[in-house]
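*Asks:* The following comprises the amino acid sequence and a computationally predicted model.
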Amino acid sequence: MREQHNGQVITVTTPDLFNNHHLYFFPLLFIEQLDQIIIHQQVELLEALLGTETCSKYEIKNHLGQRVYFAVEENICFDRNFCSPIRSFTIRIADNTGREVITVNRPLRCNSCWFPCFLQELEVQSPPGTIAGYVVQNWDPFLPKFTIQNESKEDVLKIIGPYATCGCFEDVDFEVKALNEMTTIGKISKYWSGFVNNVFTNTANFGIQVPVDLDVRIKAVMIGACFLIDLMFFENSLDGL
């Protein structure tokens, strides 16, 4: 840009906010100011008619019901239908322009409390290729417990579920707590979606409630925690009744 100063024309360099590759690409803008995130799994016709597991697809919405992201699960057919609750997967989350902003990776691991050496762990990247944090299952013989970690694997939050996750005709809440497990700061809720949906499909509706000023990268990790909780506790079609 050229400006005049004391009769002389000088060139002023201004940063290009869109093309400057030195600026960090910020993929989580749409959830930064949210204290509630809704995750809605889309109904797959083939799954409803034949009972065959298909790759899950999700809409991630704000508190007004407006879609901010779209998520698609990637894995192989064998894993989906024979290793369903413990299957490995990659979930790619894109914004409304189709640009991938979050990647969620889950390895194949045992889902039994009697094998604490192979507890669940899930990795969240945002932007793809950059670690945002982890969801790590904690061993407990009675309650579902998880730790939310940052990119350095430092503990940040705890998630503690109820003793019974069947949720007969009601919502199921997993409390988000401080590390002392005494202070509740939010929750992840599996919403009751009706008898027909729960019996004939595995579709799930989740809500995340967290402080609005929570680190936005940890909010992304909480989205990953929803996917892990869904597969571990609500994947079977009769769960959630």
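*Replies:* Arrived safely.

*Asks:* State the mean pLDDT of the lengthiest helix in the chain.
*Replies:* Identified as the longest helix of the chain according to DSSP state H is helix 216-233. In this model, helix 216-233 carries a mean pLDDT of 94.

*Asks:* same question, stretch 149-163
*Replies:* When pLDDT is averaged along stretch 149-163, the result is 97.

*Asks:* That stretch: end-to-end distance?
*Replies:* Terminal residues of stretch 149-163 are spaced 23 Å apart (Cα to Cα, to the nearest Å).

*Asks:* For that stretch, buried residues please.
*Replies:* Neighbour counts using 16 or more other Cβ atoms under 10 Å place Q149, N150, E151, V156, L157, K158, I159, I160, G161 of stretch 149-163 among the buried residues. Bear in mind the C-beta positions are built from the backbone N, C-alpha and C, glycine included.

*Asks:* contact partners of it?
*Replies:* With Cβ atoms under 8 Å, 6 or more residues apart in numbering as the contact definition, stretch 149-163 has outside contacts at 130-136, 138, 142-148, 172-179, 181, 185, 188, 215, 217-218, 221, 225, 229, 233.

*Asks:* shouldn't T183 be in contact with V176?
*Replies:* No. With contacts counted by Cβ atoms under 8 Å, T183 stays clear of V176, the gap being 9.9 Å.

*Asks:* Same drill for these two, tell me which one is more crowded.
*Replies:* The residue with more neighbours, out of T183 and V176, is V176; 25 against 10, by other Cβ atoms under 10 Å.

*Asks:* picking that back up, got the CA positions of the longest helix of the chain in PDB?
*Replies:* Taking Å, rounded to 0.1, in the frame of the first residue of the first chain, the C-alpha atoms of helix 216-233 are listed here in PDB:
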ATOM      1  CA  VAL A 216     -10.900 -24.300  22.700                       C
ATOM      2  CA  ARG A 217      -8.500 -27.200  22.000                       C
ATOM      3  CA  ILE A 218      -9.900 -29.000  25.000                       C
ATOM      4  CA  LYS A 219     -13.400 -28.400  23.600                       C
ATOM      5  CA  ALA A 220     -12.200 -30.200  20.500                       C
ATOM      6  CA  VAL A 221     -11.000 -33.100  22.700                       C
ATOM      7  CA  MET A 222     -14.400 -33.200  24.400                       C
ATOM      8  CA  ILE A 223     -16.000 -33.800  21.000                       C
ATOM      9  CA  GLY A 224     -13.600 -36.700  20.600                       C
ATOM     10  CA  ALA A 225     -14.700 -37.900  24.100                       C
ATOM     11  CA  CYS A 226     -18.300 -38.000  22.900                       C
ATOM     12  CA  PHE A 227     -17.400 -40.300  20.000                       C
ATOM     13  CA  LEU A 228     -15.500 -42.600  22.400                       C
ATOM     14  CA  ILE A 229     -18.300 -42.700  25.000                       C
ATOM     15  CA  ASP A 230     -20.900 -43.400  22.200                       C
ATOM     16  CA  LEU A 231     -19.000 -46.400  21.000                       C
ATOM     17  CA  MET A 232     -18.100 -47.800  24.400                       C
ATOM     18  CA  PHE A 233     -21.600 -47.500  26.000                       C
END
